[in-house]
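> missing the sequence, but the structure's below:
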């Protein structure tokens, strides 16, 4: 029979091989799922893994999806490495979008280019404010940050709905719940013509580099990680757990808010009830598949955006339900959790003879 045997120390090989194995298992389970639904598995997998890469325009759309996922995941990595469980990045994303949209709506035909940085700054501050509520309740009242941050997601969505159905509703929008389209001066510059890829892609990549420097080349980053791995050792070394809490949540909230600002001032161009796209929750998977490492998260963000685009294509071309994207995301997460067992354990084949001999010796 097979049994799990604890390793003397965690396997570095499997810590990076586990996500690859999880991806393979996700694909295999996906093939079985497509076959059970009566769809051609080869055609379905083509929607997820070939169509998003087959042209320059398709790759551009892939980068548009990957940008918010990567930004949010980078912020979440700071939290998770600090043992602070921010599950509410979706709410911080939405409030960042709302604050950025509020500034964008102030612009008119005569507004100068200075407003565009103001839009992004408003998004960052909005996300930090929303995450700061969680930090305050955790710091002062010892509230569970998982529950608080998650519940604030739904409050943020209600705030957005109130604004687009109420005071910010476009009077010339044929009663649709949306704001007027933002002025061109507030929109994020695109990197190339004929594509929606904008400056946000470069911002997210720079953010990955800055996170690597912060985590692995600064004393502050070292203090954050020590506080998460060994709180007692952090206190002995003089590191403040309260400071680590606030830094983790404010950085995470600011990154999510920036992603929201880039989304509404970039591809969307206005506020609608559909701003919450699930990026905040999907970024949790991105962070863990990428092993909370900046390079790994860049790759996993691209993979997750392939799932988003593939799900949309499978819905329109194969008649599959919209939920297929969430199914693939969930499969990847559960397969990763299963494969991570191999990091701390090795599989042994036990014939039973060894156990019998041990019993005789005893």
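The structure has been received and is ready for your questions. No experiment lies behind these values; they were computed from the predicted model shown. Numbering: from 1, shown residues only.

> please make it C-alpha for all contacts and neighbour counts, starting now.
Fine.

> what is the helix or strand harbouring residue 97 packed up against?
For residue 97, the element it lies in under DSSP states H and E is helix 89-104. Judged by 3 or more C-alpha pairs under 8 Å, 6 or more residues apart in numbering; DSSP states H and E, the packing partners of helix 89-104 are helix 115-141, helix 145-165, helix 241-263, helix 279-289.

> closest one to residue 81 among these?
helix 241-263 (8.9 Å; C-alpha to C-alpha).

> need the phi and psi values for residue 345.
phi -130, psi 150 (degrees, to the nearest 10).

> what does residue 346 give?
According to degrees, to the nearest 10, residue 346 has phi -120, psi 150.

> shouldn't it be in contact with residue 5?
Yes. In this structure, residue 346 is within contact of residue 5 by C-alpha atoms under 8 Å, at 5.3 Å.

> and residue 54, how many residues sit next to it?
Counted by other C-alpha atoms under 10 Å, the residues lying close to residue 54 total 10.

> just checking, residue 30 touches residue 328?
Yes. Counting by C-alpha under 8 Å, residue 30 touches residue 328, with 7.5 Å between them.

> how about residue 275, secondary structure?
The local conformation at residue 275, judged by DSSP: H, G, I helix; E, B strand; the rest coil, is coil.

> what separates it from residue 138, distance-wise?
28 Å (C-alpha to C-alpha, to the nearest Å).

> what does residue 20 give?
From residue 20 to residue 138 the distance is 36 Å (C-alpha to C-alpha).

> neighbour count winner among these two?
Per other C-alpha under 10 Å, whichever of residue 20 and residue 138 has more neighbours is residue 138, with 18 against 15.

> ok now do the more buried one, which residues does it touch?
Each residue near residue 138 by C-alpha atoms under 8 Å, 6 or more residues apart in numbering is listed here: 144, 145.

> mind checking pLDDT for it?
On pLDDT, residue 138 comes in at 95.

> just to be sure, residue 4 is in a strand?
Yes. Counting by three-state DSSP, residue 4 falls inside a strand.

> counting neighbours, what do you get for it?
There are 14 residues near residue 4, going by other C-alpha under 10 Å.

> measure the residue nearest in space to the middle of the chain to residue 69 for me?
Nearest to the geometric centre of the chain sits residue 283, at 1.4 Å (C-alpha atoms, centre = their mean). If you measure residue 283 against residue 69 using C-alpha to C-alpha, the figure is 5 Å.

> mutual contacts of those two, please.
Common neighbours of residue 283 and residue 69, using C-alpha under 8 Å, 6+ apart, are residue 301.

> which of residue 30 and residue 328 has more residues huddled nearby?
Legend: neighbour count by other C-alpha under 10 Å for residue 30 and residue 328, higher for residue 328 (22 against 19).

> that one reaches residue 29, doesn't it?
No. Contact criterion C-alpha under 8 Å: residue 328 and residue 29 do not qualify, at 9.3 Å.

> list the contacts of residue 300.
Going by C-alpha under 8 Å, 6+ apart, residue 300 touches 286, 287, 289, 290.

> and with 6 Å instead?
The contact partners of residue 300, by C-alpha atoms under 6 Å, 6 or more residues apart in numbering, come to 286, 290.

> what do you get for residue 135?
Counting by C-alpha under 6 Å, 6+ apart, the residues that residue 135 touches are residue 246.

> for it, give its distance to residue 330.
Residue 135 is 28 Å from residue 330, by C-alpha to C-alpha.

> on the three-state scheme, residue 193 is what?
Following three-state DSSP, residue 193 is assigned to coil.
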